[in-house]
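>>> below: sequence and its predicted model.
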Amino acid sequence: MTQTQQMPPAGVLTGRAKNLALTGLFLSMFVSMLAMNVVGTSMPVIISDIGGTQAAYTWVITATMLASAISTPIWGKLADLTSKKVLLQLALIVFTLGSALAGMAQDPTWLIVFRVFQGLGAGGLGALGQIVLAEIISPLERGKYMGIMGAVMAVATVGGPLIGGFFTDTIGWRWNFYVAAPIAVVAIIMLQRTLHLPTLKRKISIDYLGAVLISTGFSSLLIWVTLGGQQFEWWSWQTLAMVGGGIVLLALAVVAEFKAEEPLIPLTLFKNRTFTMSVIASLAVGLAMFGTAVFLGQYMQLARGRSVIESSLLTMPMMGGVLISSTVVGQIITRTGKWKRYMIIGGFGLLAGLLMMGQLRYDTSYWYVGISMFVLGAGVGMTMQNLVLVVQNTVAPTQMGAASSAVTFFRTIGGTAGMSAMGAMLAGQVAQYIKDGLAQLAPTDLKGAEVLSGGVLPKVSELPAPIREVVEASYGMGIGHIFLAAAPIAVIALIAIALIPNIPLSTKSNSELIAEMQAKRAKNAGSGDAAGDTETDAERASDPVLLDASTGSITLPTHRPSNAAGSKR
């Protein structure tokens, strides 16, 4: 083999350069997850300090999740059209500025506005992190790094609330928002110095209409499922307006995406069975990941009477399951190339974990609660990042951004919608259980029960013993029941995973695939239309690629030349 043949293609990172770039990438992922989770335990104090209401509390959380979910496919599509490095740095800057300005909030409106900016940046970091990883690492080797990414998310999810509680109790809640800044600056500098990727130079055609229709359509449905049953009745004119309007907007979005030159979410991706089944499974994984993180905290505080910090520590088995399973299985996938068996095991873990959590009550043994959380976390760890991995393994190199971000988008949508539906179910059940429980108490034991009126979350530690037991029993049973109600979603995820084709993982990164496509195009440049007869389906779905080896830049013409093979199709 000659020295020229041993050299990697232009724009392909190897060795120390690759490791340094990955460090910057994981730092950017960590800072976004840390900053999104650090305020969770402090939010009641924050809202009270700036004069907010329960409605403001809801919108502070909802606005961030909506912005993150809706912006994800936009960031992903832009990654297919322009510099991924610049986009990743831009997302970091938007997120950091949003966090810093949120920390200066003097009223609820200010906080909500800049939490939206946080969400926009978080959506970009979540999508672009996986897209850039695909650019650097081959699918076969990527299993290991997807595991590390899952571990980073787990550490940030556990560590965030602990750090937030410490800051709030010592130097003030505003530092919950400022903590991200120094880490983000380090990440930006590292990415600038180490991340060198080939840039796709092509005519940029932004699908503005699709972006508006998809964003407003999903926003309408998510706002409805978030506020329904709390701000208005499920069966009301608001429901008709939000659900009807959302469905009409999404139907118009489908029409717009078919006609768009560069669709935000290419509908042709749904012809790929791996992509479609992964999207369905991701909806369930999102519900398990986001829903349990919220309701396990409520279980520990309202059903077991634990403090905020104690709740964070007691839910560590869940994150431990995510961390251990994602890391270990990622290493095994990289070494063996086998992935499907572990995803199916993860699907069973999701189902078993939800069924076990469905048995929770206020007096359930902590060892059983811990094992249940670990099993559920292990199921999430084996499936969450690997669903993105198998999609990236099957799509064309020029659709990597759109496909990766779409899976993340639907996972967030599933988590947000599922969390809201589970919350509405919990509120209704707990109200009835408390009413029934109080009716069984002696009149002398009802002193202090008036604090439960109006649906306000009680401070369990301040309640009289008989009433406290009723409240704890009600929340314990209610939270157990919502986990049990979520179990059928895990069955759907398991079926979807089983239907994903067992395609071997590629040994080439996205940069290498693009460079290989360039070489093939150059070789066949003089053969005319005949080259089209030998193209694979993946190549046929993408645009022609030309690489300038001297600069590492890739040029993609916007339109493919028609040929005989294409016209027959």
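Nice, I can see it.
>>> for the longest helix belonging to the chain, packing partners?
Counting residues, the longest helix found in the chain (DSSP state H) is helix 400-439. For helix 400-439, the packing partners by 3 or more C-beta pairs under 8 Å, 6 or more residues apart in numbering; DSSP states H and E come out as helix 54-81, helix 108-136, helix 208-227, helix 273-286, helix 292-298, helix 366-392, helix 465-498. Backbone N, C-alpha and C define where each C-beta goes, glycine included.
>>> JSON lines please, covering those helices and showing mean pLDDT.
JSON lines is the format used below for those (pLDDT from 0 to 100):
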{"stretch": "helix 54-81", "mean pLDDT": "77"}
{"stretch": "helix 108-136", "mean pLDDT": "84"}
{"stretch": "helix 208-227", "mean pLDDT": "82"}
{"stretch": "helix 273-286", "mean pLDDT": "89"}
{"stretch": "helix 292-298", "mean pLDDT": "75"}
{"stretch": "helix 366-392", "mean pLDDT": "90"}
{"stretch": "helix 465-498", "mean pLDDT": "89"}
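>>> can you show me the CA trace of stretch 27-44 as CSV?
These are the backbone C-alpha positions of stretch 27-44, laid out as CSV (Å, rounded to 0.1, in the frame of the first residue of the first chain):
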residue,chain,number,x,y,z
LEU,A,27,-18.6,19.3,26.7
SER,A,28,-21.2,21.1,24.6
MET,A,29,-23.7,18.2,25.2
PHE,A,30,-22.9,18.2,28.9
VAL,A,31,-23.4,22.0,29.3
SER,A,32,-26.8,22.0,27.7
MET,A,33,-28.1,19.0,29.7
LEU,A,34,-26.6,20.4,33.0
ALA,A,35,-28.2,23.9,32.5
MET,A,36,-31.5,22.4,31.5
ASN,A,37,-31.7,20.3,34.7
VAL,A,38,-30.0,22.5,37.2
VAL,A,39,-33.1,24.7,37.7
GLY,A,40,-35.5,21.9,38.3
THR,A,41,-35.3,21.8,42.1
SER,A,42,-35.1,25.6,42.4
MET,A,43,-38.1,26.5,40.2
PRO,A,44,-40.6,26.9,43.1
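>>> F409 and L66 touch, don't they?
No: assessed by C-beta atoms under 8 Å, F409 is found out of contact with L66, at 11.9 Å.
>>> looking at these two, which is more packed in?
F409 (29 against 23; other C-beta atoms under 10 Å).
>>> what's the local residue count around the residue lying closest to the more buried one once chain neighbours are set aside?
Among residues not flanking F409 along the chain, T72 sits closest, at 4.3 Å (C-beta to C-beta, 6 or more residues apart in numbering). The number of residues packed near T72 is 29, by other C-beta under 10 Å.
>>> how near is T72 to M382?
23 Å (C-beta to C-beta, to the nearest Å).
>>> what of V152?
V152 sits 16 Å away from M382, going by C-beta to C-beta.
>>> quick one, which of the two is more surrounded?
Between V152 and M382, M382 has the larger neighbour count (other C-beta under 10 Å), namely 32 against 20.
>>> so who does that one touch?
325-326, 329, 342-343, 345-346, 349 (C-beta atoms under 8 Å, 6 or more residues apart in numbering).
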